[in-house]
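Trainee: attaching a predicted model along with its sequence, questions to come.
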Amino acid sequence: MQQLDLVFSALADPTRRAILARLARGEATVNELVEPFDLSQPTISKHLKVLEGAGLVSRGREAQFRPVRLDAAPLEGAAHWIGGYRRFWEEGFDRLEAYVETMQRKEKGHVRKRRRK
């Protein structure tokens, strides 16, 4: 459960979510990750440390090139946890649909009665 807490904590920040979205397109250097944000390199590095701590990114080393890569495996645990609520949502939508259908039938009945008068 601690891993799940780290993942959700990391995902709570919009900058970190944007970094993950960028890394989903392919690895990037820290400098490349800094470009789209109005943030300093040390600030982006702090965000990356949080993402690393959650296991969502890893850093490689290829000569002087240090690519940052997405590791989406921890997201599976988060998706599984969220998926556990799917039945709850679906049952709620089913109840809402039944209610709307009932209201539509009642409305049609009222319209027919008005036309007969």
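Mentor: On my side now, so go ahead.
Trainee: C-terminal to the helix or strand hosting residue 75, what's the next element?
Mentor: Assigned by DSSP states H and E, residue 75 falls within helix 73-83. Next helix or strand after helix 73-83 toward the C-terminus (DSSP H and E): helix 86-116.
Trainee: now do that next one, average pLDDT.
Mentor: Helix 86-116 shows a mean pLDDT of 80.
Trainee: neighbouring contacts of stretch 79-95?
Mentor: residue 4 (CB atoms under 8 Å, 6 or more residues apart in numbering). Just so you know, the C-beta spots here come from the backbone N, C-alpha and C atoms, and that holds for glycine as well.
Trainee: quote the end-to-end distance of that stretch.
Mentor: 25 Å (CA to CA, to the nearest Å).
Trainee: heads up, I number from 457, so please use that
Mentor: Done: numbering now begins at 457, and the last item shifts to stretch 535-551.
Trainee: ok now that stretch, how far from the chain's centre?
Mentor: Stretch 535-551 sits 16 Å away from the centroid of its parent chain (CA atoms, centre = their mean, to the nearest Å).
Trainee: how about the helix holding residue 531: buried residues?
Mentor: Across helix 529-539, burial judged by 16 or more other CB atoms under 10 Å covers 530-531, 534.
Trainee: output the host helix or strand of residue 499 as CSV, nothing but the C-alphas.
Mentor: Using DSSP H and E, residue 499 sits within helix 497-509. Listed next in CSV are the C-alpha coordinates belonging to helix 497-509 (Å, rounded to 0.1, in the frame of the first residue of the first chain):
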residue,chain,number,x,y,z
GLN,A,497,16.3,23.0,-13.7
PRO,A,498,16.6,22.4,-10.0
THR,A,499,12.8,22.5,-9.6
ILE,A,500,12.3,20.0,-12.4
SER,A,501,14.9,17.8,-10.7
LYS,A,502,13.0,17.9,-7.5
HIS,A,503,9.9,16.8,-9.3
LEU,A,504,11.9,14.0,-10.9
LYS,A,505,13.1,12.8,-7.5
VAL,A,506,9.5,12.5,-6.4
LEU,A,507,8.6,10.5,-9.5
GLU,A,508,11.7,8.3,-9.0
GLY,A,509,10.7,7.7,-5.4
